[in-house]
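Colleague: build me a structure from this.
(one chain, ligands or ions: 2)
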Amino acid sequence: MNVKIIPKKLKGTLHAPPSKSHAHRLLIAQKLAYLQSGDNRNQHIPSFSQDIEATKNCLSQMDKNMPFLDCKESGSTLRFMLPVAMALKDEAVFIGTGKLPDRPISPLKEEMEKHGCTFITPNRFHKSQDKYREICTVKGRLMPGNYRLAGNVSSQFITGLLFALPLLDGRSTLTLTTKLESAGYVDLTLDVLKAFGIKITEKLSTEGFNIYVIDGKQVYKEPETTSIQCDWSNAAFWLAGGALGGDVTLCGLDLASSQRDKQIAGILENMGAELKIQTTDDSLSTIKCTGHNLTSCEINVSQIPDLVPILATVMSLSEGTSLITNAERLRIKESDRLHTVFDVLSKLGADITDGGSGLSVTGRRRLIGGQISGHNDHRIVMSAAIASCACHHPVIIYGAEAVNKSYPTFFEDFAALGGEVYEV
Ligand SMILES: O=C(O)C1=C[C@@H](OP(=O)(O)O)[C@@H](O)[C@H](O)C1
Ligand SMILES: C=C(OP(=O)(O)O)C(=O)O
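Modeller: Ligands and ions are numbered 1, 2, ... in the order given. Predicted coordinates for the structure are as follows:
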């Protein structure tokens with residue numbers, strides 16, 4: 001799908017979209033509770049996006065002896081399901097699409113190999129050109145023991161092990177060998193585990209890094225009520241739309257969530273946006289964001305990588321030179337996001353430099369507009385759509401269907417806020 005967007009300011013009220021990070025975790029914990037109690041109910045958490053559908057389908061494979069897990073393009077699904085599947089099964093096949101087969105799993109793979117699993121990976125020199133590619137076949141059950149992982153590649157490896165290790169026969173420890181980046185995602189995992197009755201003790205190593213102590217033979221128990229939190233990462237696009245001369249109100253966000261992308265509110269405020277926050281009876285918040293003449297800032301994004309595309313967009317329209325630092329890990333997301341953010345914003349007329357481990361962006365009052373590729377990356381497409389609100393000329397986005405990964409109704413919501421978008 002290609003779309004043409006006519007520049008317009010966004011105005012109106014939306015309910016914030018559901019969090020895919022929270023939904024992946026609820027689905028996994030709920031399925032483990034069902035499997036342990038012999039309950040063969042279907043999972044009723046809705047498949048609201050492609051990534052969530054991938055996790056749901058992979059979990060339904062856990063009813064089979066030889067599961068075949070199609071993780072589509074979801075890094076979370078692959079990295080969570082690798083240890084979860086191997087805690088339950090003797091053999092499993094993992095496949096993926098797009099860039100997923102090339103995104104790293106080796107730190108997790110190496111630890112799983114030390115604890116009972118054998119990975120058979122296709123020969124990379126004869127890589128299939130098919131859309132769907134085998135990532136690995138894994139044989140052998142995961143064993144309890146002392147696991148060690150760097151905390152600065154992907155927190156998703158840690159989340160996957162935190163779900164799997166409580167299912168094993170004995171006690172395990174998971175020791176981080178570096179400071180944890182994307183730490184809020186591990187907090188979100190621990191929140192869900194706690195809600196499902198799983199006990200994990202946290203300590204600090206002599207180097208000051210986290211150690212998780214996890215007893216085996218634990219039982220997942222579904223709480224009386226589970227609801228999916230609203231998503232700060234995708235809400236960020238609408239708050240940015242408000243800050244860039246619009247007037248956007250979002251309902252349903254939880255300021256107490258472990259999602260660190262809630263930092264978007266404070267960042268926009270520091271750049272000069274006006275935020276009015278009201279807490280409703282359900283202790284959720286309604287946030288109204290407006291803004292003009294924003295100013296530059298410097299942000300270390302090691303804990304909030306998913307905000308980078310929209311932060312760079314806002315920076316490209318804020319007075320002065322802004323810096324995004326500690327962003328190396330952006331290169332291993334759905335696209336090389338430092339390169340694709342640079343490519344898209346510079347094609348739209350921004351003054352931006354890809355500095356290797358971050359970005360430097362000098363703001364302009366308006367961007368020009370033009371034609372860009374969405375790079376098969378949902379956050380790149382959504383950022384370009386928000387950038388269009390401050391362009392002189394229309395923006396055409398090729399491959400806009402990438403939004404389906406996390407937010408299939410993004411363009412409907414964009415139009416509901418007065419955005420003028422046509423399929424071309
Ligand atoms: O656990 C999660 O739900 C996620 C963790 C983060 O990945 P990294 O830990 O690899 O940064 C984030 O970028 C991703 O979109 C979702
Ligand atoms: C990186 C992302 O997701 P995942 O790693 O699950 O593919 C994302 O949603 O931006």
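Colleague: pairing partners for the helix or strand of the chain with the lowest mean pLDDT, with directions?
Modeller: Ranked by mean pLDDT, DSSP states H and E, the weakest helix or strand in the chain is strand 132-139, scoring a mean of 92. Paired neighbours of strand 132-139 in the sheet (DSSP bridges): strand 91-97 (antiparallel), strand 118-120 (antiparallel).
Colleague: just the buried residues of that strand, please?
Modeller: Arg133, Glu134, Ile135, Cys136, Thr137, Val138 (16 or more other C-beta atoms under 10 Å). Just so you know, the C-beta spots here come from the backbone N, C-alpha and C atoms, and that holds for glycine as well.
Colleague: what segments of the chain are helices?
Modeller: For the chain, the helices defined by DSSP state H cover 20-37, 50-60, 75-88, 106-114, 155-164, 183-195, 232-243, 263-270, 308-315, 337-347, 378-388, 410-416.
Colleague: report whether the first one contacts ligand 2.
Modeller: No. Helix 20-37 does not reach ligand 2 (C-beta under 6 Å from any ligand atom); its nearest approach is 6.6 Å.
Colleague: what angle sits between that helix and helix 232-243?
Modeller: Interaxial angle of helix 20-37 relative to helix 232-243 (axes from the mean of the first three to the mean of the last three C-alpha atoms, to 10 degrees): 160 degrees.
Colleague: who's in contact with Gly216?
Modeller: Pro144, Leu165, Pro166, Leu167, Leu168, Asp169, Gly170, Arg171, Ser172 (C-beta atoms under 8 Å, 6 or more residues apart in numbering).
Colleague: if you set the cut-off to 7 Å instead, what comes out?
Modeller: Pro144, Pro166, Leu168, Asp169, Gly170, Arg171, Ser172 (C-beta atoms under 7 Å, 6 or more residues apart in numbering).
Colleague: tell me the pLDDT at the third one?
Modeller: The predicted local distance difference test score for Leu168 is 98.
Colleague: how many other residues sit next to it?
Modeller: Leu168 has 22 neighbours, counted by other C-beta atoms under 10 Å.
Colleague: returning to what we had before: nearest to ligand 1 among the contacts of Gly216?
Modeller: Pro166 (17.6 Å; C-beta to the nearest ligand atom).
Colleague: skip the chain neighbours and tell me the closest residue to the closest one.
Modeller: Gln218 (3.8 Å; C-beta to C-beta, 6 or more residues apart in numbering).
Colleague: pretty sure that neighbour is touching Ile198, no?
Modeller: Yes. Shown here, Gln218 and Ile198 form a contact pair, counting by C-beta atoms under 7 Å, at 5.3 Å.
Colleague: coming back round to it: for Ile120, state which of the buried residues of strand 132-139 is nearest.
Modeller: Nearest to Ile120, judged by C-beta to C-beta, of these is Thr137 at 4.5 Å.
Colleague: surely the closest one and Ile120 touch.
Modeller: Yes. Using C-beta under 7 Å, Thr137 makes contact with Ile120 at a distance of 4.5 Å.
Colleague: can you select the buried ones among the contacts of Gly216 for me in ChimeraX?
Modeller: Buried subset of these, written as a ChimeraX selection, criterion 16+ other C-beta under 10 Å:
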select :144,166,168,172
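Colleague: TSV please, covering the strands paired with strand 132-139 and showing distance to Asp231, mean neighbour count and mean pLDDT.
Modeller: Output for the strands paired with strand 132-139, formatted as TSV (distance: least, C-beta to C-beta, whole Å; neighbours: other C-beta atoms under 10 Å; pLDDT from 0 to 100):
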stretch	distance to Asp231	mean neighbour count	mean pLDDT
strand 91-97	22	21	96
strand 118-120	32	14	97
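Colleague: many thanks, I have nothing further to ask.
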